[in-house]
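> For reference, the sequence and a predicted model appear below.
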Amino acid sequence: MRVLLIDFNPFAAAVTPISLGSLAAVLCRDGHRATVLSLGSDSAFSVAGLASWLRELEPGVVGFAAYQRNLVHVRGLARLVKNVVPTARVVLGGPQAMFMPDEALTALPEVDFLARGEGELAITKIVDALERGAAAEASIPGVTSRMPDGSAVTGCAPVPPTDLDAYPSPWLDGVLDPAGWPEAILLTSRGCPYRCLFCLTPTIPGGLRRNSVDRVLDEIELVAGHGSGRLWFADPNFCASPNRVVEILEGILRRGVRVTMWIELRADMVSGELVPLMRRAGVERVAMGLESASPRVLERVNKSIDPGRVAAAARELLAAGIDVELFSQYALPGERIDDALLTLQFVTDCGVAIRGNSNAQQLQLYFGSDISSNHRRYGVRPLRDERPPYLGIGTDFETHWMEQAEIARVRSAWRAASTDGGAGIVT
Amino acid sequence: MTPTDPALDDVAPQRLYLYLDPTTADQESLVDLIRALLPDVNWQAHLFLVGDGGARQRAQVDRILPIIEKHLDEHLLTSLALHPLVKFASLVDVDALKAWSLLELTRRFQAEAYREQSQARLAVHPIFAPAPGTPPEVVGAALRSAHAELATPSLLLAGDPPQEYLEIPEVAQSRLFVRENGEDSADGVFATLRAHHVVESVLEKIADGGAELLAPCRRHLVVDAGLDRVFPCLMAWRRGGPWQDHRGADGFSDTDDLAIPVTECTACAKASVLSAERALALGGRRDEARQLCFRFGLALSRDGDHDGGAELALRATELSACDADRAAALLHRGLSLLEVGRLKDADEALLSAAGGGADPGLVAYHRGRVQMAWPDEIEALERFAEAAAAQSPHVDSRDLHLEMALAHIRLEEYDDARPHLDQAATADNRAVMEFLCGVCDLNQSAAESALAHFQTALEQPPDMDDLGRVLLYLATSLKELARFDDAIPFLERAVAVEPDELAHHNLLGYCHYRLGRHAEAVECFRRAVAIDPRSAIDWANLGSNLRDLGRVDEAVDAYRRALELDPTIGFAAENLTRLERS
C-alpha cells in the first residue's frame, strides 16, 4: 500500500521529519511504499500543485502529525486529500491525537483514524486492517476508528517494544536523506523517568526506552558524512542516562566523526569532566530545563531541579565556550507575577542571551499532561467554556495566581528582553 | 524520497499584484480571473490591490471578496494577506474604512483563529497614501486604526517625505514606501511596489546567506484588470509583456514559459535597489539599507557591472554607522572604480578606507594596483613595499610579489623582477611565471633561455587569453635566434587565436621577408595596415616587400603613406628616394 506521511508546521520552517521518518522506515520494512513530506512556512506550493501531486501519488493512507496549532491546516490538507483521492483514508497521529477525546472524531469528518499508541505500531495496524478489508468491522489495536454507524471504537493499545532497535532507522535505511537538510535531527530514545506535571511524556505508554549506543553512533556517522554535519536530538529527555550521554560523546570521538551538536542536559550532569568532552565531541550549544527560578513553583510542578545548580552549570558551560539555552515557562501552577519576572531576571543573570529556546513561553496545556487533565486541581481557569473537542486548553487560560493581564505583562517583559523578537521557539 | 518534492517546491507565486484600472467596465472578467488564479498561488500569499485608492477601488475589491472568502473556506490550509491601497485626507476617510466589508470579513477569520487557537487566515494590511497636506495626526490615526485591527500597515509617501510624518510614532511599526517620482497614479504606486518587492526579495536572500542576489526575485504575478491579462512579473507588466490570457479549459495555465531573461532581472533589481534603499533608511531600516547596497553592489561587481558596484558602494558608505562598515564599503568602491579606470577616484576611496580603519596592508596593495593601472610603476612599488611591510593576512603574498615583478619588468629592471617571480610561483600559475621569466631573459638577450621558458609556458598550457601573447613571444625568441622558418607556425597559430592583433601580422610578415617570401610578407603587412591604417612601420615594411617583388608603383605609394605617418623611418625615406630616382 502507498502511504503518505505529512508533517506541516505553518508557523516555522520545515525540519527533518524524524518521527514520520521512523514510521516510514517501519512501513518500508514491511513491504509498503511510504513517502514523507515535511512542509513548513518556507514551503512553496499551491492548492492546485498539491492536488496534482496527490493525484499522481494516489496514496491509500495519508497520516498527519497533529499538534494543537497546526490542526486547522492539517484539516485543510486532509480535506484536499479526500477531494482528490476519495479512497484515501486519513490518520491523525502525534501527541495531539494520542490523547484526544473520542468525540473529536465526530468533529473531524475528514479524519478516519486517531493513532493512540506508538505511531509505528498504529500505522502498520491500520494499513494491515485496510489491506485485509477489516478496517470497518473491528477495532484496530492502538487506534480509534469511525465505525459505519458513526460511532468511535478504540482498540487496545499494543505493547511497544522495549528495545527501540526493533524499529529500523530512517537514516540508516535511507528513508531520510541527510543531504536534504541543513541540520539532521536524531531521535534516540523515548519516554522520561521524571514526572513533571506540565509534560505529557510521562503518560505516554512504553516508558523510557532507548536505541543502542552503537546504532546512535552509526546514525551520527552517516548524517555527518552525508549531510551538513549539524545535528540535534529530539529525544524527550536525551540525558535520562548520564552514562549513555558520555558513551555517545566518547563514541563520536573514537570514530573520528566531525559534527556540531545541540543537546539537552540536566544541569546536575554538568561536571568538570563532561564539559571538555562535550567540546571535543562537537557540542556547540546545550539546552537545560529550568522552567522556573522559584523553588516553590518547581516543587509544585514536580520538577526536581535546583536553580542554583542551573546557574552554576550555565556559567561553567559559557566559560568553556559552549552556548547555553534555558527552557522556561510562565503561568505555572503556584506562580505569581513576581516569580515569573524573577525567572527572567535569573536567566539574564546566568549570562544567557534571551533568544531562541531561551525565550520563555506561557505554559501550554495540551491533552495528556496531568495539569491539562486535572486543570482545576492545579488552579488553572480556562478563558472559555467551550472549544472544539480536538483542541486542548493551550494557552487560553489564567491561573489562580496570575490573571490574563498579568500573563500578558510577563509575555511583554520576555519579548522586550529578547534579542530575536521571540523567534526560534520550538513549540 | 525527497523531503519536499520538486513538484511542490518553489513554483507557486507568493504574491499577486492586482492592477485595478478604475476605467475597467467588465468586473465579471476580473472575478473570473481571480477565481482562476487563486488555486495556483502559494498556500500563503499576499494580494496587493491597487486602483484609485478610493471608492471605486473599494467597489472593485468588494466584487472579488466572495471569491476570496470561498477560496479560504474551501481550503483551510490557505491564508491570504491583502494589501489594498487606501488614499485619504481626513479622519472621515479613515473612519469610513472601519465599515468596509473587507474588514468585516477579516473579523470573521479572526474569530476562526480564536476558536481554533491558530492564526487568522485572512489579514488586511492597508497601504495608506495620505493626500498632500494631510495633517500628521490624521496619518497617525490611520496607522493606529490598522494596528487596532491586528494589521501591519504601510505608509506610501511621495518624493521627499515631510519630517513630521516620519516622526509619527506608529511609522516605526509600519512599512514605509517612498515614491521616487511622486507620481500619484496607480502606475506610480506599482513602480514603487515593484522596487520594494525586489528589494525585500534581495534582503531575504541576504538573510539566507549565500543565495545568488542577482537571481530572479520571488515568484509573483501581475493581474491587469484593465487589459484582462496576467503578467509573470512586475517588470513584464511595466514593459507590456510577455503576458498570458488566463482562461483556458482548465483555468489558469502555467506562466513558466513567460519568464523574462535573467539579465533583465538584474537590471530590474539594480534599479529597484537604487530606488528603494532610501525608503528603507527613512523607515528606520538604515542598516538593512546599508547591507542591501553593500551586498548587492558586490554582486554587481562580480557580474562585471563595476559602475553599478561603485555607485552602490558609495550609498553603503553614506549609510554606514560605524567605521568598519564604512571602510568595507569604501574599499569596495575603490576596487570598482579601479576596474572602470577612474583611477584618481579609486585612490581617494582606498585612502579614505584606510582612514576609516581598513586593513592598511590591503589598502596599500590595492593602491599599488591603482598605480600600476595609471601607470606609475615607481609609485606602485612604494605601495607594494608598504603592503609587504604590513604583512596583512588579507593580502596573498604571491599576488603581491607578482605585482612587484610586473612593475619591475615594466621598468625594465629584470634582475629586480626575478626574485619576486620566484616568490610568486605556485603550482597554479606556472604558465604565467614561465612566460614572465621568458620576458626577462628575452629582454636581457638570453634568447635560448627565453625560448625554453616560453615553450614550457606553452606546454602548461596558458589561459586562452594569454595564448596569443605566449606564441608571439616564443616566435620572437626564435626570430632573435634567426630561426624564422621555425617561428612561422607559432605565428600562424597566434594569428588564428587573435586575428586582429597587429603584432602577430607584423612579425609574421617580417619572418617571411627574411626568408625571401615577399608575396606572403605582403599579405601579412596588408592585413596589418588593414587592422591599423596608422601603423607607419607596417606601411614601410609593405613598401619594401612590394619593391622586392618589383611592384614599384605600389611600393612608392606604401613608402609615402609610411612617411606621411612617421617621417623618421629612415629606410623608408632612403628606399623611396632611390625608387623615385630610378
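The structure has been received and is ready for your questions.
> okay, the residue of the stretch 151-300 of chain A found nearest chain B: pLDDT?
As assessed by Cβ to the nearest Cβ, chain B sits closest to A:G180 within the stretch 151-300 of chain A, at 4.9 Å. Using the backbone N, CA and C atoms, a C-beta is placed for each residue, glycine as well. pLDDT recorded at A:G180 is 82.
> Equivalent analysis for A:G424, please.
On the pLDDT scale, A:G424 is placed at 54.
> try B:D93
85.
> tell me which element it falls in.
According to DSSP states H and E, B:D93 maps onto helix B:91-98.
> how much space between the residue in the stretch 1-150 of chain A that chain B sits nearest to and A:Y378?
Nearest to chain B, among the residues of the stretch 1-150 of chain A, is A:G76, at 2.9 Å (Cβ to the nearest Cβ). Distance, A:G76 to A:Y378, using Cβ to Cβ, to the nearest Å: 34 Å.
> Which parts of the stretch 151-300 of chain B are strands?
Under the criterion DSSP state E, counting those that start in this stretch, the stretch 151-300 of chain B contains strands at B:154-158, B:175-179, B:220-224, B:229-231.
> Now render the ones you listed as TSV, adding distance to chain A and mean neighbour count.
Formatted as TSV, the strands of the stretch 151-300 of chain B follow (distance: least, Cβ to the nearest Cβ, whole Å; neighbours: other Cβ atoms under 10 Å in any protein chain shown):
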stretch	distance to chain A	mean neighbour count
strand B:154-158	19	24
strand B:175-179	16	22
strand B:220-224	11	24
strand B:229-231	15	24
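> With mean pLDDT and distance to B:A373 as added columns, please give these in a markdown table.
Shown next, in a markdown table, are the strands of the stretch 151-300 of chain B (pLDDT from 0 to 100; distance: least, Cβ to Cβ, whole Å):
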| stretch | mean pLDDT | distance to B:A373 |
| --- | --- | --- |
| strand B:154-158 | 90 | 43 |
| strand B:175-179 | 87 | 38 |
| strand B:220-224 | 89 | 43 |
| strand B:229-231 | 87 | 44 |
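> need the ones you listed in JSON lines with distance to B:R581, can you?
Listed next are the strands of the stretch 151-300 of chain B as JSON lines, based on distance: least, Cβ to Cβ, whole Å:
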{"stretch": "strand B:154-158", "distance to B:R581": "83"}
{"stretch": "strand B:175-179", "distance to B:R581": "80"}
{"stretch": "strand B:220-224", "distance to B:R581": "81"}
{"stretch": "strand B:229-231", "distance to B:R581": "79"}
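> Could I have the CA atoms of stretch A:37-44 written out in CSV?
Taking Å, rounded to 0.1, in the frame of the first residue of the first chain, the C-alpha atoms of stretch A:37-44 are listed here in CSV:
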residue,chain,number,x,y,z
LEU,A,37,6.5,15.2,3.2
SER,A,38,7.8,17.9,5.5
LEU,A,39,6.1,21.2,4.9
GLY,A,40,6.8,24.5,6.7
SER,A,41,6.2,28.2,6.5
ASP,A,42,9.1,28.3,3.9
SER,A,43,7.5,25.6,1.7
ALA,A,44,6.1,26.9,-1.6
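> which parts of that stretch are buried?
By neighbour count on 16 or more other Cβ atoms under 10 Å in any protein chain shown, the buried set for stretch A:37-44 is A:L37, A:S38, A:L39, A:G40, A:S43, A:A44.
> shaky segments in chain B?
Applying pLDDT under 70 to chain B picks out residues B:1-11, B:25-26, B:181-183, B:210, B:245-260.
> Name the spans of the stretch 101-250 of chain A whose pLDDT lies under the cut-off.
The stretch 101-250 of chain A contains residues with pLDDT under 70 at A:135-137.
> For it, what lies in contact range of chain B?
Residues of the stretch 101-250 of chain A found near chain B (Cβ under 8 Å from any Cβ of the partner chain) are A:V175, A:L176, A:D177, A:G180, A:W181.
> Filter these down to the buried ones and hand me the ChimeraX line.
Selecting only the buried entries of those in ChimeraX, with 16+ other Cβ under 10 Å as the criterion:
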select /A:175,176,177,181
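> re earlier: list the neighbours of the helix holding B:D93 that are in contact with it.
By Cβ atoms under 8 Å, 6 or more residues apart in numbering or on different chains, the surrounding residues in contact with helix B:91-98 are B:V86, B:K87, B:F88, B:L103, B:P126, B:V138, B:A141, B:A142, B:S145.
> is any part of the helix or strand following that helix close to chain A?
Scanning forward in sequence from helix B:91-98 by DSSP H and E, the next helix or strand is helix B:101-116. Yes. On the criterion Cβ under 8 Å from any Cβ, helix B:101-116 is in touch with chain A at B:E112, B:R115, B:E116.
> Which of those lies at the shortest distance from A:R355?
Using Cβ to Cβ, B:E116 comes nearest to A:R355 of the residues of helix B:101-116 next to chain A, at 28.9 Å.
> re the thing from before, where's the residue of the stretch 151-300 of chain A closest to chain B relative to B:A172, distance?
Shown here: A:G180 relative to B:A172, a distance of 40 Å by Cβ to Cβ.
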